[in-house]
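> predicted model follows, preceded by the sequence.
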Amino acid sequence: MSQNIEFNKNEDHLKLMVTDIRKKLETIGEGGGLKKIEKHHAKGKMTARERIAFLLDKGRDQIEIGAFAGYEMYAEHGGCPAGGVVVIMGYLKGKLCIVVANDATVKAGAWFPITGKKNLRAQEIAMENRIPIIYLVDSAGVYLPMQDEIFPDKEHFGRIFRNNAILSSEGITQISAIMGSCVAGGAYLPIMSDEALIVDKTGSIFLAGSYLVKAAIGENIDNETLGGATTHCEISGVTDYKSKDDKDCLSSIKNIVDKIGDFDKAGFSRIEPAKPSKNEEEIYGILPRDRAKPYKMLDIIERLVDNSDFEEYKAGYGQTIVTGYARIDGWAVGIVANNRELIKTKTGEMQFGGVIYSDSADKSSRFIANCNQKKIPLVFLQDVTGFMVGSRSEHGGIIKDGAKMVSTMANSVVPKFTIVIGNSYGAGNYAMCGKAYDPRLIVAWPTANLAVMGGTQAAKVLLQIEKASLKGKGEEITPEVEKEILDRITASYEKQTKPEYAAARLWTDAIIDPLDTRTWISMGIDAANHAPIKKAYNPGVIQA
């Protein structure tokens, strides 16, 4: 691709954004900080990340789920880096697993509301894909100052144990290692797993610790005697393996996983992987730093797919969405992507890039149905501002065509993967398989923006609401006051649209370097291949 000054400016801009995300991830990776890590090591314990690094196969791909969970949340409680738990999907003895490790350097591994949500996300991934899940337990239990936000509801702490039971009933392997504290209701998690290991002297598990036992029934007993490794391996029989230290425990897990038999396969098509023939790094320069500027989504696709080979479906119709077949790391995929070009149709109509029109919605529906019939996983590349509005669109049935697209996508039985490249606004987020529509994985590039509508439009709407409220109170709105209000609203709204904000709340699984996109999709399909499709495809009555 020929490069010019604009390309180089775009490239520098996006590379700086990627560097900024990496720096933030490095800070997050320190957990509760270096002093807390030193104290952890002084107890003879490895950190959560060290445990996972020792456990997983060296030199194999791995992806981290929810690293930004809790980012800039809970400031009044001292923060909660990575939600106080590390979740990584990777290979263990050649088998794809998901590992969940409490980070005891963050509030002793206590569970904040986002911790619960992140653990549930890990279990959801294990259930959807039928892959083993390994829990490395080291937690003080629920963070009591926020117990009302994590204890009683359907998506709170108790749902973890419900999922333990469901996973077990479906034959999905669960292995737990008690490598530190495991108290109160949290004690059920390892014991509801298939097998439980415990580390001598540092691991302990009980429904109530020694202080609470003293207060409740007056019994004097120390924690080790109450619920240590010797007690549970030799007296109660609660745990199955006694380990001398962290490495011994993790080595035992490796030995257990090594014996797991092969899995039934969904049978998604894969051939020998190939790199894109077009330079992947050119993505940095193709994507405009001014997100309002147009670009060709096909240029991005050709730098993501094997051999840059893309078989476009209905290329001349509904051109604000690009659809077609390709391979990513050898896996067959069907791609549905928002095109950001300004399109002039054969009838002379101008269509705005990133907007979904009736024809592009119709095309997408047909293509998604085809992929379901052919058992081809779907990849959605989002850069969408929403559906077209106005009398012409309404009279043309945009609502019905949009509903058809949403219905076809929502009822898909093949696995779906979503990459938020740029805008992800309103109903466009839904139609392009946003988080509410069960993508197996959903990630954002640093350029992503997720919101009901764009910042400029939203700020103006909110401004009118606030002005009306102030006028109702008899306050005068001078141009200076109006500008001050607009600037404040814009700054607040734009912060909420940033990818960090979305990732902090687990609306996306990660913020990634665009060059890591192929790895995420490949590992996602590899995981999905563990779960044979048992449900017949039915796009719903709206398709009639």
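Okay, I see it.

> so what's Val100 bridging to?
Counting by DSSP bridges, Val100 is bridged to Val87, Tyr135.

> show me where pLDDT drops low in the protein?
Confidence mapping of the chain against pLDDT under 70 gives the ranges 2, 185, 395, 453-459, 542-544.

> mind checking the longest helix of it?
helix 5-28 (DSSP state H).

> please identify the buried residues of that helix?
7, 10-11, 13-14, 17-18, 21, 24-25, 28 (16 or more other Cβ atoms under 10 Å). For the C-beta atoms, the positions are set from N, CA and C on the backbone; glycine is no exception.

> repeat that for stretch 28-40.
Under the neighbour-count criterion of 16+ other Cβ under 10 Å, stretch 28-40 has 28, 30-32, 36-37, 40 buried.

> touching it from outside, list them.
46-49, 67-68, 71, 81-82, 103-107 (Cβ atoms under 8 Å, 6 or more residues apart in numbering).

> mind checking what helix or strand follows the strand or helix carrying Thr225 in sequence?
Using DSSP states H and E, Thr225 sits in helix 223-227. Counting by DSSP H and E, the next helix or strand C-terminal to helix 223-227 is helix 229-234.

> show me what that next one is packed against.
Other helices and strands packing on helix 229-234, by 3 or more Cβ pairs under 8 Å, 6 or more residues apart in numbering; DSSP states H and E, are strand 195-199, helix 223-227, strand 241-243.

> one more pass at 7 Å, please.
Applying 3 or more Cβ pairs under 7 Å, 6 or more residues apart in numbering; DSSP states H and E, we find helix 229-234 packed against strand 195-199.

> list the strands paired with the strand it packs on, with their directions.
strand 174-183 (parallel), strand 241-243 (parallel).

> ok, which of those comes nearest Leu462?
strand 174-183 (45.2 Å; Cβ to Cβ).

> which helices and strands does the next helix or strand after the closest one pack with?
Downstream of strand 174-183, the next assigned helix or strand under DSSP H and E is helix 188-191. The elements that helix 188-191 packs onto, with contact taken as 3+ Cβ pairs under 7 Å, 6+ apart, are strand 133-139, helix 158-169, strand 174-183.

> only alpha carbons, please: show the shortest one as CSV.
Backbone C-alpha positions of strand 133-139 (Å, rounded to 0.1, in the frame of the first residue of the first chain) are rendered in CSV as follows:
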residue,chain,number,x,y,z
ILE,A,133,-11.7,-24.6,34.2
ILE,A,134,-9.1,-24.5,36.9
TYR,A,135,-9.5,-22.4,40.0
LEU,A,136,-6.4,-21.3,42.0
VAL,A,137,-8.1,-20.2,45.2
ASP,A,138,-6.5,-17.6,47.6
SER,A,139,-9.2,-15.3,48.8
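
> residues making contact with that strand?
Here strand 133-139 makes contact (Cβ atoms under 7 Å, 6 or more residues apart in numbering) with 48, 51, 97-102, 104, 109-111, 122-123, 126, 167, 174-182, 186, 189-190, 193, 253.

> next, the angle strand 174-183 makes with that strand.
If you take axes from the mean of the first three to the mean of the last three Cα atoms, to 10 degrees, strand 133-139 sits at 10 degrees to strand 174-183.

> mind starting the numbering at 3 from now?
Noted, 3 is the first residue going forward, which turns the last one into strand 135-141.

> if we ignore the residues flanking it in sequence, what's nearest His158?
Computed as Cβ to Cβ, 6 or more residues apart in numbering, the closest residue to His158 that is not its neighbour in sequence is Ile152, at 5.1 Å.

> how close does the one you found sit to Pro192?
Ile152 is 19 Å from Pro192, where distance means Cβ to Cβ, to the nearest Å.

> next: Met19.
From Met19 to Pro192 the distance is 40 Å (Cβ to Cβ).

> tally up the residues packed near Arg272, please.
16 (other Cβ atoms under 10 Å).

> should've said Asn257
Asn257 has 10 neighbouring residues, counting by other Cβ under 10 Å.

> can you point out the helix or strand that includes it?
Here Asn257, judged by DSSP H and E, is contained in helix 248-260.

> which helices and strands does that helix pack with?
helix 50-57, strand 176-185, strand 197-201, strand 243-245.

> how about a cut-off of 10 Å?
Counting contacts by 3 or more Cβ pairs under 10 Å, 6 or more residues apart in numbering; DSSP states H and E, helix 248-260 packs against helix 50-57, strand 87-94, strand 97-104, strand 135-141, strand 176-185, strand 197-201, strand 243-245.

> Ile152 and Pro192 - which one has more neighbours?
Looking at Ile152 and Pro192 with other Cβ under 10 Å, you find the greater number of neighbours at Pro192, namely 26 against 22.

> how close does Thr480 sit to Glu284?
Distance, Thr480 to Glu284, using Cβ to Cβ: 49 Å.

> what's the angle from whatever helix or strand Ile39 lives in to strand 135-141?
Using DSSP H and E, Ile39 falls within helix 36-44. Here helix 36-44 runs at an angle of 100 degrees relative to strand 135-141 (the same axes, to 10 degrees).

> next one: helix 36-44 to chain centre, how far?
Centroid separation for helix 36-44 versus its chain: 29 Å, with Cα atoms, centre = their mean, to the nearest Å.

> okay, that helix in CSV with CA atoms only?
Extracted in CSV, the C-alpha atoms of helix 36-44 (Å, rounded to 0.1, in the frame of the first residue of the first chain):
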residue,chain,number,x,y,z
LEU,A,36,5.3,-4.3,44.7
LYS,A,37,5.2,-4.1,48.5
LYS,A,38,2.2,-6.5,48.6
ILE,A,39,3.9,-8.8,46.2
GLU,A,40,7.1,-8.9,48.4
LYS,A,41,4.9,-9.8,51.5
HIS,A,42,3.2,-12.5,49.4
HIS,A,43,6.6,-14.0,48.4
ALA,A,44,7.8,-13.8,52.1
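
> go through the helix holding Asn257 and flag the buried ones.
248, 251-252, 254-255, 258-259.
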